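A.B. asks: Sharing a sequence plus its predicted fold:
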Amino acid sequence: MSDDSEYRIEIERLIGIQTRIEAWCDAYPLKVFPEPDWAKAARVLKENGMTLDAISASNMRHVLDGVRRIIREG
């Protein structure tokens, strides 16, 4: 980058990415989506051949894929 305007453009781009990631972080507030009863959830899942670990891993992949998409689009 050769001048201040190019730096400003890049800073604005990065701030936009940060803002989108922060919005993603606030997408599921506890007021709307309270913490579940983890023991009950694990029991229900286990009774149906699933694990809480598998569900958690899937959720994390979804979140990280969303963050990755925001970064790549930025």
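C.D. replies: Cool, got the structure. Residues are numbered from 1 along each chain as shown.

A.B. asks: And the residue nearest the centre of this protein?
C.D. replies: Val63 (3.4 Å; C-alpha atoms, centre = their mean).

A.B. asks: secondary structure class for Val67?
C.D. replies: Following DSSP: H, G, I helix; E, B strand; the rest coil, we place Val67 in the helix state.

A.B. asks: Give me the contacts around stretch 59-74.
C.D. replies: Identification of contacts with stretch 59-74 by C-beta atoms under 8 Å, 6 or more residues apart in numbering yields Arg13, Leu14, Gly16, Ile17, Arg20, Ile21, Trp24. Using the backbone N, CA and C atoms, a C-beta is placed for each residue, glycine as well.

A.B. asks: now Gln18: how far from Glu47?
C.D. replies: 42 Å (C-beta to C-beta, to the nearest Å).

A.B. asks: Give the residue from these two that has the larger number of neighbours.
C.D. replies: Neighbour count, other C-beta atoms under 10 Å: between Gln18 and Glu47, Gln18 has more, with 12 against 8.

A.B. asks: helix or strand for that one, which one?
C.D. replies: helix 4-25 (DSSP states H and E).

A.B. asks: Appreciated, that's everything.
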